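Chemist: Give me coordinates for this.
(2 chains)
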Number of protein chains: 2
Amino acid sequence: MNVAVLTGGVGGARFVRGLVDATDPAGITAIGNVGDDLEVLGLYVSPDLDSVLYALADLNDEERGWGRAGETWNALETVDDLDGEAWFRLGDRDLGLHLVRTQALQAGTSLSDVTARLARSLGVEASILPATDDRLRTWIRTEDGELTFQDWFVRRGHREEVAGVRFEGAEAARPAPGVLQALEEADVILFAPSNPFVSIGPILAVAEIREALEARTVPAVAVSPLIGGRAIRGPADRMLARLGGGTAPAQVADCYKGLIDVLVFDEEDVDGAAGVEALGVRPVVTKTLMVDAAARRRLAETALSAASETRVPAAATSGARHSSRP
Amino acid sequence: MNVAVLTGGVGGARFVRGLVDATDPAGITAIGNVGDDLEVLGLYVSPDLDSVLYALADLNDEERGWGRAGETWNALETVDDLDGEAWFRLGDRDLGLHLVRTQALQAGTSLSDVTARLARSLGVEASILPATDDRLRTWIRTEDGELTFQDWFVRRGHREEVAGVRFEGAEAARPAPGVLQALEEADVILFAPSNPFVSIGPILAVAEIREALEARTVPAVAVSPLIGGRAIRGPADRMLARLGGGTAPAQVADCYKGLIDVLVFDEEDVDGAAGVEALGVRPVVTKTLMVDAAARRRLAETALSAASETRVPAAATSGARHSSRP
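Modeler: Take a look at the predicted model:
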């Protein structure tokens, strides 16, 4: 079975890990957010791609949630001692990857090629693709002005309320090689339980990806990142309240209007099922908290079986893609 | 007292450390070799400047001889896991410095400015200057062809015999800001016990530095890196035998012809005193093995007192420098 999964952030990486345990990894393509990529200390850092990479290579730190297990922080400590740029937490093991990637990028390798190479070196069987090889950056509009994503998220601890989100470079960005093919060949398309605005949003901001999703002929299933209207970590709940008009499942589904057929959400939000249905999206209620490997896998299995039980509405199949094949 | 000391490599760094313990650090200017600088993993690495920096900041690893104490190797281990460029041993703490320096250089800061900034951050009172801010690289001619210094020294373990040495960029290289002033204002000029060909040689390859040394009005004292005709570490003995015609003190003195007034060398080489004298250089015999802090300091004190007992030969004072001040 071929599965394409849009993902960003730690929750997304955990979900993709569950997916790898639930189905054949060789059929999985994770399409990752690059909107929160950054250059720090002269290195190209791609936090969301790396979260997936580390989770699939069993290198991730389960407790901390991000970065690598068994990590040390000696390089950054030195950077701090030398009054360098030490605000973004880069561990020593993590740095090794950023060095290799940055060197490859500077030598002209594309982000998708270097990501594939890193995944191969780490024995990852699933495909991990950046949404785009082009520069695409998430900017956060606040009352203090527009901030880069990581400035807002890490440096300022996402304290400022978000008035809006902008994806610099999105208009010109093309899908990375393999992205459209993965969507085309997928039997199921999944949206990981990631922040709809700043994790999945930058992926959907690439026009050809959005169009491919609109034109899908297979079911698309999103998993809500909220439980009881609250985010496990991060600002998804505050952003939904402010930018989406509320934190009910319907507001999550509405972020993906026309792009999904099913929304999987938590039992705690069961009251919101009707609202989801009203949007023409099938609600599937389950436990969504990924407390351990078994829970991650169960959630992935729920999403996959929800897809298998779903007929794609005719509207979604009226796209140009298949009509060009008489 | 103002002391200018030419240095390169680990022995040089130890000697400069002894010097700092022997006299007022504020008067010391270490002029460091940059011929073995390299770009590795996209980082600008300056091994000899860093050896001095770490030695003066008490961060150096005494036992290993190079790099930092309490070092970890997790970034490089990751680089190796990812099939990256892992041949050059960069520790995590060391990497932190390379990251800060590389970022500063890429932002347009000169090597001398960033070196000064790093030294300040680490509380180093002595001045550490690169011989030049310009690109100057040591190439080693072998039967296998010409190799970059670090390719030969580190990657191949300096196994190949050296047929010659070339300093790429030396012709166009200007002394870094402060170098000529330090030589001009010095009460004593010292040559640390470093490899004459690949540690001190690249410094002397900068024409204005060599000319300033030739025109000196103060005593210049070199310390031989050989004991009993052998190098403590590294290929200085083999290079002297091959390129200098022998490993006696006279051959060391001959490397610095016209540039030094005194050669300090080890008791084991006392038989070579006459040969040194025959070159018009005063021989000073002492224990030169820097086994501990006390020995380093004693060696530095010996070099300083040798200078104070030395009259600069008239030939060395006939330069244009002072004659322009009637």
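
Chemist: interface residues of chain A facing chain B?
Modeler: Contacts of chain A with chain B, taken as C-beta under 8 Å from any C-beta of the partner chain, map to A:41-43, A:71-72, A:74-79, A:81-85, A:91-97, A:99-100, A:102-103, A:106, A:117-118, A:121-122. The way it works is simple: take the backbone N, C-alpha and C, and place the C-beta from them, glycine included.

Chemist: what's the nearest residue to residue A:311 if we skip its chain neighbours?
Modeler: Across the structure, with C-beta to C-beta, 6 or more residues apart in numbering or on different chains as the measure, the residue nearest residue A:311 apart from its sequence neighbours is residue A:219 (7.6 Å).

Chemist: Then residue A:88?
Modeler: Distances taken as C-beta to C-beta, 6+ apart place residue A:40 nearest to residue A:88, at 4.6 Å, with adjacent residues excluded.

Chemist: What is the burial count for that neighbour?
Modeler: Each residue near residue A:40 was counted by other C-beta atoms under 10 Å in any protein chain shown, and the total is 19.

Chemist: okay but it is in contact with residue A:89, surely?
Modeler: No - the pair residue A:40 / residue A:89 is not scored as a contact, 9.9 Å apart, by C-beta atoms under 8 Å.

Chemist: and the helix or strand residue A:305 falls within, how far from the chain's centre?
Modeler: Secondary structure from DSSP states H and E places residue A:305 in helix A:293-308. Between the mean C-alpha point of helix A:293-308 and the mean C-alpha point of its chain there is a distance of 17 Å (C-alpha atoms, centre = their mean, to the nearest Å).

Chemist: Alpha carbons of it, in CSV - could you do that?
Modeler: Taking Å, rounded to 0.1, in the frame of the first residue of the first chain, the C-alpha atoms of helix A:293-308 are listed here in CSV:
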residue,chain,number,x,y,z
ALA,A,293,4.8,3.2,20.4
ALA,A,294,1.6,1.2,20.6
ALA,A,295,-0.6,4.3,20.8
ARG,A,296,1.2,5.8,17.8
ARG,A,297,0.7,2.7,15.8
ARG,A,298,-3.0,2.4,16.8
LEU,A,299,-3.6,6.0,15.7
ALA,A,300,-2.0,5.3,12.4
GLU,A,301,-4.0,2.2,11.9
THR,A,302,-7.2,4.1,12.7
ALA,A,303,-6.4,6.7,10.1
LEU,A,304,-5.6,4.0,7.5
SER,A,305,-8.7,2.0,8.2
ALA,A,306,-10.8,5.2,8.2
ALA,A,307,-9.4,5.8,4.7
SER,A,308,-10.2,2.3,3.5
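
Chemist: buried residues in it?
Modeler: For helix A:293-308, the neighbour count (16 or more other C-beta atoms under 10 Å in any protein chain shown) marks A:296, A:297, A:298, A:299, A:300, A:301, A:302, A:303, A:304, A:306, A:307 as buried.

Chemist: could you give the mean pLDDT of it?
Modeler: This predicted structure assigns helix A:293-308 an average pLDDT of 97.

Chemist: Remind me what it packs against, helices and strands.
Modeler: helix A:9-22, strand A:188-191, strand A:220-223, strand A:262-266, strand A:282-286 (3 or more C-beta pairs under 8 Å, 6 or more residues apart in numbering or on different chains; DSSP states H and E).

Chemist: So for the first one, what gets flagged as buried?
Modeler: Read it as helix A:9-22. Buried-residue list, helix A:9-22, by 16+ other C-beta under 10 Å: A:9-20, A:22.
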